[in-house]
Structure formats: structure tokens, C-alpha cells
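Visitor: from the sequence below, what's the structure:
(2 chains)
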Amino acid sequence: MTAFLTAEPKLRAYAFACGLSREQADDLVQEGALVLWRRYDAYDRSRPFLPWALGIAHHLIQKCRQASQATHLLSPELAERIAETCTSMENEVEQRQGALRGCVEKLPGHLRSLLALRYGEQRSLAQIAQKLGRGLSATNMALHRIRQVLLECVEREGAL
Amino acid sequence: MTAPGGRERRLLLIHGFLEHALSPEELREMEEMLRVEDGARRDLILASALHQELFVLHELPAEASPAPELRETGGFSGKRAPTLRSSRRLSSKVREFSWTPALLTAASLIGAVLLLLVARSDRRNPGPQRHESARNRDLGAPAPPPGTGQTPTGAPEPGPERVEEERIRAESARRLADLERRRSALAQEVPQDSDPKRVERQKADLGLLEEEKRKIEEEMKLAIEQARRAPRVRNGETVTQESANPNPGKEPANKVASLAWVDHVEGEGFILRKELRTPAREGAEILPGDGLETAGAAGRLALRFGDRSRLELRGETSVSEITEDLTAASTTGKQIQLSRGTLTAEVAKQPAHRPMVLKTPHSEATVLGTSLRLLVDPGEKGATKLEVHEGKVRFTRLVEKKASVDVSGGHYAVSALGLPLLSRPIAPIRLGTPEKPVLAGLCVVNAETGRPFLQFDPIEDGTVITLADLPTRALNIQASTSPATIGSVLFTWDGTPVMEGRVPYLLGGNDSRGKPLAWTPPPGDHTLTVIPYSGPPAANKREGTGTAGAGVTVRLRVR
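Guide: Residues are numbered from 1 along each chain as shown, chains lettered A, B, ... in the order given. Next up is the predicted model:
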């Protein structure tokens, strides 16, 4: 079942890519793990694990979409294409894992603090904006810039 | 292929999507991108993977993690409530062992039993062991409107003086704890040979630590006292403790209210008051009309206002005057006149009718709450550069034809002779390694001062240099790299290679002390290509050795 452990970060990334929140992604992975276990006998071990797991995740997300009528989720057709892209990028995503810590450490302190508010304390954009006394769009833009820098950094570091 | 600006927009939309911060129109725009561009789908996956990794990176250590939480609002599928939200922590812990399907099932069953137990205890004793922010999020508690003085939990928000006091106490407690550790370690060190000199030295060291302890305690008292005395802003108006106190006691009623106080000084920092220039000390009050100055490369002076806004001067910088009309009816907020140098500002939200205005010889920056940096090259042919890190600033050019532009976070603008006033994106930080260097920037420098011209830092593709608008024709072009020192840099000016193997990397060369040599580019159209290399110049001096980093090509017009 190490295959599931390897796939878990990508399932979570896929959940975010479809528009799920952190809590929803947690629940998706938990539910997905149970479904995968129940259906494990039906899994053809000669085939890659990730597309199968993503297929189940896709199904669960669509169920969520129908149940909650969430408007922020991607359409089923797009979500399916994203799953295909995710499968094709399996190695690339893995290569980048591990480079992030070094990249975050290179950021100035105030930017790391902003990340800590968002990801450590898991505050929403509105809560961060209020805490810092800044506008919502300014906070969103600041986080966007940080992520952009980190994406470039992990791309460089991950490729080494 | 997507244009660089296109990718910028794409990532902006993707990051907004991950935060559920897109408008319906933006969401449609992003979906359309995802439909037609393979690169957009790839970027979405990479950004989502980064998002997920950032959560993992910031996850609390297991021992500090809050207890598994119950979420009482709708579960993921809409069927399950309550749900175990800490599944990721569960799975990451399980990862340390050989994770088998049986373990997964067992963990799920144990989790379910725990859920019931926790749910019961949570109902009996709600809250204390749960993470506050998570609880608010779980219960969907709306954030209070700004300015209500309440935390998201509804508790009264501590005042800035209280926050500052707590910070000082915490810092002092940390220093005292560290001191105590050193004292205990020293006390346990029994001199092996009972050498009277060593015993004496140990006693002296213990005495010094005691002295240090007293000093820390005194500093703490003093700092708290200063924090309490500092002026505060209430409802957009600065009030001193005296004016806030209905019974001011023996304090003189007509005392001039200070605008701010010196928060930090390093190197040479001065307060300019009534023709006097006195060294600035931390805690010193800044009165209306005062000026500030820092000198030398290491000079640094930080100023804190009552509303927590912070200004910082660095290097050869001069603020000629700071004023604020504190009367209730006034529409004039804080006014800071920057004559030269570099000023960084973290501006707290200002009342809409009383913005902070940063004035320079060439411009005005009107600020309502933001983070920015302002750089001034004095003189008629000088320039002012504004970099905005967060928020939005109205930037007005005062030289030549008056014009204004709104500069938002991540952008900069320059006010100078002969230069259109534009808001341009700040190039993202580029980090390289010695093995794989990158070109971090390219600028035109003044060979007389060795400093970059603000209007040509960085040089953008299509830059027009009007020699008559510059204070000198002694120029040079400098490349900066990441890391700062690399093997070599190859400049190719209109097809002619120029190899530089030492810092600073200058197209026009430098003298033995690293000072740029004077060089004037001839009028006309030019093309410049710059490539960093990890190794030293090759023997033919036409290329570098080692790995070539990403180069850049810019077109310049000189007139």
C-alpha cells in the first residue's frame, strides 16, 4: 500500500486543483482511502496506481459537487482533464517535493510570517487581511507573489 | 507558447482560485484557459502541489498539534458529520510505519471510537483544548468587521500598547531563561584542580551573570514604560497618554504631543530639531517639524508611529521634516519630506480623509495603508522611485508635466525627467546557486557615484536613455547575479563580446578598486545580451566556462 502513500500528496493536490478547500481535501483523502481499500481487489496491479486513485477521487469530488452544488468547483469535464494532466506530471511533481523548505527559508521574514498565518494558523484571506490591517486584494496579491517566487524556486531547485 | 505576462495573469487566477477568491467572471476566464492551454493545466497542478506542500511544511509538530477536531457542519460528502479532520496527520504518522490496508482499517475504526469519545467530552467541555482559529472556522463564525476592536473569537482585542508590553515581557522572559541556563551550567562546573584562580574566575562570571540579569530586568521596565508613554491613535487621531487620561496629574497641559518615537538605531542616526543635529536614541520622541538623518552604509533608523506605522531610513538618507496636524477637523495626515536616500514604510491603515503623504523633490506618494519603499536621487536631474509591496499608492510626478499613477502591490514607478510615468511590475526575486547562477538584474550606473540611476534600475527591454536628462555622461552598465559572486559574466554589446570575471560585473569595466570606469554609450539603437556563467572566462575571452545561466537580451535607444 506504499502506492497510496506515494499518491496521497498528488490526490490532495488534485483536490485543491478541483477547487476543494483544505478541510474538504482532508476529507476526500480519508474517504478515498477507505474506498480504495474496499475496492482494492478490483485494482489491476499491472497498471499504474495513480490514475486509478485519481479516478476514484474524481468520482468523490463529483458527488460532493452534486451534494453541495458548490459553485467554486471545476466542471466535471475540466476536472477529468486535470486528472489526466496530473497523471502525466507524476514524476515532475515528485521531483519538486523536498525543495520547498529551502525555498521558504530564503524568503524574507515578513513573507514567511505571512505564509505562517495562511498555512500554519490556516487563517482565511479575510482573517489575514484583518489581522494585518490590509485590504483583501492586497493580501491576496502578496500571497500570490510569494507563491510565484516559490514556484520558480522549486522549479530551479527541483531540477538540480 | 504563452507570453510572460500571460503566465503572470494565469498564475494570479490560479492562486485566486485556490483561495476561492475569484469572481464568477474570473472563474470563467480561468476555466477557458484550462480548456485551451495545456500550460494552464500544468500550472494549476504545480500551484496546487505547492499549496498542499505548504500546508505540510507548516503543519504543527505532533506533540504541539491540537487534539483531533470535530467538524459539526456538513462533511465532505454531505453525509458524514461529525468528521475526523486530522486525517492527514493520521496518515503522515502512519507513514512512519509500514502502512498496510489492515492498519488503515484499524486506524479508521479507532478513529471512529475516538470520535465518539471526543465528541462527548467536547460537548461537556467545549473549546479549551481546541485550536481557536480552527474552531471559529468550523463553526463558520463570521469575522467581525474591521475596526470593531474584536478578535475573530469576539474577545476584546488588546490595545497596541498592551501587545507591545506583552512582546517586551516575552522577549525579556526568553533572555532571562537563557541567562538562567548559562548560570546553572556555570554553577555546576566545579573546578577540577581547585585552582584558586579558576574558582575566583567562576565567581566573577556568576557575578557578571547576576549583573546581566538585573540589566535585563531594568531594560524591560524601561521599555514597558516607553511603550505605555508612546502616543496612540484612536478613531484616526493621535492621542498621548496624557491627553487620554482624564486626570493628567502634574503633567503640563500644553505639552507638545509627539508624533512618533525612535524604534531602532544602528550606526549613525540623527534627529534634526531647530538647527541641531543630535544622535538618535531608541525611545526618543519625534515632535512635529523634526527631521531625521542616517549616514554611512551601516546607518539605520526606524521610527514608529502611534498607529503602528513604521518608517525606516537606511544609508545616506535624509528626511527634512515630519509633520501631522493633530486637530480633529484637519484633513492633513502625516507628511514626510524625504530629501534623499532610501525610506521603507509599513503604513497602518490611515483614515480615508487623512492619508499619509511621502514627499520628495520629484514626487508625492499618497498612502492609505501599505508597504512600500521610496528611493530618492536628489537634484534637478535626479529621480524618485516608488516600489509598492502591498496595497495601493497614488504616485504623483511633480517634475515636468504633473501626472499621477496608481501603483499597486508588486509594482514600481519612477518619477524623473524625460521618463513616462508608468506602473511596472517588479521582477520576481531570482535565486540561483554557484553551480547554476542566474542574472538577478541589469542597471545603468552613475560612474561618478557608483550608484545605479533609479530610472534605469532595472533596464527594461526598449529603454530609452536621454543623455541630456542625466546629471552626468559618465555611465556604465552593471549586471548583478545570484549568487552575488559567480564565475563570470558575458556582455555582448551590438555583437561585440566583453567578458567580466570579477565583481562588480560592468560592461564598461572598472578600476582596481572596483569603481566603474566612465563610459558613454553612443547615440543610436543598441542590443545588449548578458549571460552568467558558473566558471571563469574561457581562454578566448569570448565565453564563460561551467554552466551558463539564463541570459537576457535588451534593446536600448540612446539619444
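Visitor: just the CA atoms of stretch B:403-413, as CSV, please.
Guide: Taking Å, rounded to 0.1, in the frame of the first residue of the first chain, the C-alpha atoms of stretch B:403-413 are listed here in CSV:
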residue,chain,number,x,y,z
ALA,B,403,0.9,63.4,-13.7
SER,B,404,-0.4,60.6,-11.4
VAL,B,405,-0.5,56.9,-11.5
ASP,B,406,-1.8,54.3,-9.0
VAL,B,407,0.9,51.8,-8.1
SER,B,408,-0.4,48.6,-6.6
GLY,B,409,1.4,45.7,-4.8
GLY,B,410,4.2,44.1,-6.7
HIS,B,411,4.7,47.2,-9.0
TYR,B,412,7.0,50.2,-9.1
ALA,B,413,7.1,53.6,-10.8
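Visitor: any buried residues in that stretch, and which?
Guide: B:405, B:407-413 (16 or more other Cβ atoms under 10 Å in any protein chain shown). Where C-beta positions appear, they are placed from N, C-alpha and C, glycine not excepted.
Visitor: between these, which is nearest B:Leu517?
Guide: Sorting those by distance to B:Leu517 puts B:Tyr412 at the head of the list, at 28.6 Å, by Cβ to Cβ.
Visitor: hmm, who's touching the lowest-mean-pLDDT helix or strand in chain A?
Guide: Within chain A, no helix or strand scores below helix A:90-96, which has a mean of 80 by mean pLDDT, DSSP states H and E. The set of residues external to helix A:90-96 that reach it, using Cβ atoms under 8 Å, 6 or more residues apart in numbering or on different chains, is A:6, A:9-10, A:13, A:50, A:86, A:154-155, A:157-159, B:45-46, B:49-50.
Visitor: now do 7 Å
Guide: A:10, A:13, A:50, A:154, A:158, B:45, B:49 (Cβ atoms under 7 Å, 6 or more residues apart in numbering or on different chains).
Visitor: hang on, the earlier thing: relative to A:Ala116, which of the buried residues of stretch B:403-413 is nearest.
Guide: Checking these one by one against A:Ala116 (Cβ to Cβ), the nearest turns out to be B:Gly409, at 19.2 Å.
Visitor: just the buried residues of the least confident helix or strand of chain A, please?
Guide: Under 16+ other Cβ under 10 Å, the buried positions of helix A:90-96 are A:90, A:93, A:95-96.
Visitor: tell me the one among these nearest to B:Ser423.
Guide: Once Cβ to Cβ is applied, the member of the buried residues of helix A:90-96 that ends up nearest B:Ser423 is A:Arg96, at 32.3 Å.
Visitor: doesn't A:Leu143 fall inside a helix?
Guide: Yes: counting by DSSP: H, G, I helix; E, B strand; the rest coil, A:Leu143 is found in a helix.
Visitor: my guess is it contacts A:Arg118, does it?
Guide: Yes: in this structure A:Leu143 lies within contact range of A:Arg118 using Cβ atoms under 7 Å: 6.2 Å.
Visitor: okay, now B:Thr294: neighbour count?
Guide: 27 (other Cβ atoms under 10 Å in any protein chain shown).
Visitor: what about it, which SS state?
Guide: Using three-state DSSP, the structure places B:Thr294 in strand.
Visitor: quickly note the distance from it to B:Glu53.
Guide: 40 Å (Cβ to Cβ, to the nearest Å).
Visitor: again, but for A:Gly135
Guide: From A:Gly135 to B:Glu53 the distance is 27 Å (Cβ to Cβ).
Visitor: which of the two has more neighbours?
Guide: Between A:Gly135 and B:Glu53, counting by other Cβ under 10 Å, B:Glu53 is the more crowded of the two (24 against 20).
Visitor: and the host helix or strand of the more buried one, does that touch chain A?
Guide: Using DSSP states H and E, the element containing B:Glu53 is helix B:38-57. Yes: using Cβ under 7 Å from any Cβ of the partner chain, helix B:38-57 comes into contact with chain A via B:41-42, B:44-55, B:57.
Visitor: and stretch B:397-410, is it in reach of chain A?
Guide: Yes: using Cβ under 7 Å from any Cβ, stretch B:397-410 reaches chain A at B:409-410.
Visitor: now the end-to-end length of that stretch.
Guide: End-to-end distance for stretch B:397-410: 20 Å, by Cα to Cα, to the nearest Å.
Visitor: where does the stretch 1-150 of chain B dip in pLDDT?
Guide: Counting by pLDDT under 70, the stretch 1-150 of chain B has low-confidence residues at B:1-5, B:60-150.
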